[in-house]
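Chemist: Below: sequence and its predicted model.
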Amino acid sequence: MRLRILTAATALLAAGSTALAGCSSDTGVAAGAAKGGSGENGLAASSAVGELKVDTAARDLLPEGVRKSNVLKVGGSTDIAPYLSVNGKNLVGVEADFMTALGRTLGVKFEVGNTKFAAMVPGLQSQRFDVAMADFSDTLERQKQVTFVDYTRAGQILIVPKGNPLKLKAVANLCGHSAAGPTGSLSVDIAMAQSKKCTDSGDSAVKVQRYPTAAESALALQSGRIDTLAIDYGIASSLVQQSQGKLQLTGGLFGKGFHGAAFRKDDQDLQKAFTAAFTTLMKNGTYKRILDHWNLPQMSLDKVVTNGATE
């Protein structure tokens, strides 16, 4: 079985670094698609996944159409290391491992289309794909349109130039400064909310800038176009490592919440199947091995949560 990986022409934005790969077209699926490579279904799973048997009880929960086709179409951003990024012709990362493990547990193959965050919910609603996942934050606003099956914790952190010249340590410090994040991301939403708090208290607004990808946001920070970048902790750690000592993390985590797989509200069978499959992976130790392998143990949950975001 082969997985079709739909990646953008800009898929390797920063000097061969898969962590800084490009994003997709405005339609949510990139032009110039490349076929999957040598990995299972095009997903290059790590050794953490291991051999897994089909969980027949979880598979029986899948919609009839999925059981007949044995295919799940997924919308996810493929330019976000360590979650999901391009390595040669394959996809790698913690989400690639989760997809591989889910596919083996449910007895289906995953077809992944490179999709911008802002296009994930519209893509679900227009039925271009069945599920949206990969560093996808559960928010109350998104819950108005889709249902989340949350499987990891999430949190944001600030990245600043090495030495932190402006001494920024928290979102509350951003008044009058410039901050950026990927278009359509939770990072931008948080910066916008803080900007309103600043102006409501009589302070200067946050100058919020948006870039197509986390990589481009980091480049803007390195070139001095912005003062700080607020972004998911896992991505932030990868970007700092890739900066060759030019960037650093600062302050503690904020915007804590959940990452989840999003579904159309009426697609309850698929929601139940994913919940059952993730529960199986948690019980048999695969879930923990995957997070430990990618140095993200702090993201683990004790159980799957539906629509975990409450604020």
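Modeler: Arrived safely.
Chemist: contacts, neighbours, all on C-alpha from now
Modeler: Fine.
Chemist: how many neighbours does S69 have?
Modeler: Look at S69: counted by other CA atoms under 10 Å, it has 10 neighbours.
Chemist: List the contacts of the residue positioned nearest the centre of the chain.
Modeler: The chain has D135 as the residue nearest its centroid, 1.5 Å off, counting by CA atoms, centre = their mean. Contacts here follow CA atoms under 8 Å, 6 or more residues apart in numbering; on that basis D135 touches S77, I80, Y83, E95, H259, G260.
Chemist: what about it, which SS state?
Modeler: coil (DSSP: H, G, I helix; E, B strand; the rest coil).
Chemist: that older thread, dump the contacts of D135 into JSON lines; add distance to A170 as well.
Modeler: Output for those, formatted as JSON lines (distance: CA to CA, whole Å):
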{"residue": "S77", "distance to A170": "27"}
{"residue": "I80", "distance to A170": "23"}
{"residue": "Y83", "distance to A170": "24"}
{"residue": "E95", "distance to A170": "28"}
{"residue": "H259", "distance to A170": "22"}
{"residue": "G260", "distance to A170": "25"}
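Chemist: From those residues, pick the one nearest L239.
Modeler: Nearest to L239 among the contacts of D135 is I80, at 9.6 Å by CA to CA.
Chemist: My guess is the closest one contacts A236. True?
Modeler: No: at 10.0 Å, I80 does not count as touching A236 under the criterion of CA atoms under 8 Å.
Chemist: after the lowest-mean-pLDDT helix or strand in the chain, next one along is what?
Modeler: Least confident helix or strand, the chain: strand 34-35 with a mean of 31, by mean pLDDT, DSSP states H and E. Scanning forward in sequence from strand 34-35 by DSSP states H and E, the next helix or strand is helix 56-59.
Chemist: Between I80 and A236, which is the more surrounded one?
Modeler: Taking other CA under 10 Å, I80 and A236 do not tie; I80 has more neighbours (28 against 24).
Chemist: beta partners of the more buried one?
Modeler: L84 (DSSP bridges).
Chemist: Can you check the pLDDT for A19?
Modeler: pLDDT recorded at A19 is 36.
Chemist: now do A9
Modeler: Looking at A9, its pLDDT stands at 30.
Chemist: now swap in L43 and tell me
Modeler: As predicted, L43 sits at a pLDDT of 87.
Chemist: Also S237?
Modeler: Note for S237: predicted pLDDT of 89.
Chemist: pretty sure it belongs to a strand, no?
Modeler: No: note on S237: no strand contains this position according to three-state DSSP, which reports helix.
Chemist: ok, now which ones touch it?
Modeler: Counting by CA under 8 Å, 6+ apart, S237 has contacts L249.
Chemist: For the nearest residue to W294 once chain neighbours are set aside, the count of nearby residues, please.
Modeler: Excluding its sequence neighbours, the residue lying closest to W294 (CA to CA, 6 or more residues apart in numbering) is V94, at 6.3 Å. The local packing of V94 (other CA under 10 Å) involves 27 other residues.
Chemist: D292 versus V94, what's the distance?
Modeler: Counting by CA to CA, to the nearest Å, the gap from V94 to D292 is 10 Å.
Chemist: again with D302
Modeler: Plainly put, D302 is 15 Å away from D292 if you go by CA to CA.
Chemist: Could I get the full set of strands for this structure?
Modeler: Under the criterion DSSP state E, the chain contains strands at 4-6, 34-35, 71-76, 79-80, 84-87, 90-92, 109-114, 131-132, 146-161, 178-182, 207-211, 228-232, 247-264, 305-306.
Chemist: and among these, the most buried is which?
Modeler: The densest packing among those, expressed as mean neighbour count by mean count of other CA atoms under 10 Å, is seen in strand 79-80 with a mean of 29.
Chemist: Summarise which helices and strands that one is packed against.
Modeler: With contacts defined as 3 or more CA pairs under 8 Å, 6 or more residues apart in numbering; DSSP states H and E, strand 79-80 has no helix or strand neighbours.
Chemist: average model confidence for that strand?
Modeler: 88.
Chemist: again, but for stretch 84-93
Modeler: 93.
Chemist: More neighbours: D302 and D292, which one.
Modeler: Between D302 and D292, counted using other CA under 10 Å, D292 has the larger neighbour count: 16 against 10.
Chemist: The more buried one and A180: what is the separation?
Modeler: 29 Å.
Chemist: cool, and G257?
Modeler: 20 Å.
Chemist: go on, C198?
Modeler: 16 Å.
Chemist: now swap in R210 and tell me
Modeler: Here R210 is placed at a distance of 6 Å from A180 (CA to CA).
Chemist: which residues are common contacts for those two?
Modeler: Counting by CA under 8 Å, 6+ apart, the residues touching both R210 and A180 are V188, S217.
Chemist: Contacts only, for T310.
Modeler: Per CA under 8 Å, 6+ apart, neighbours of T310: T139, L140.
Chemist: Thank you, goodbye.
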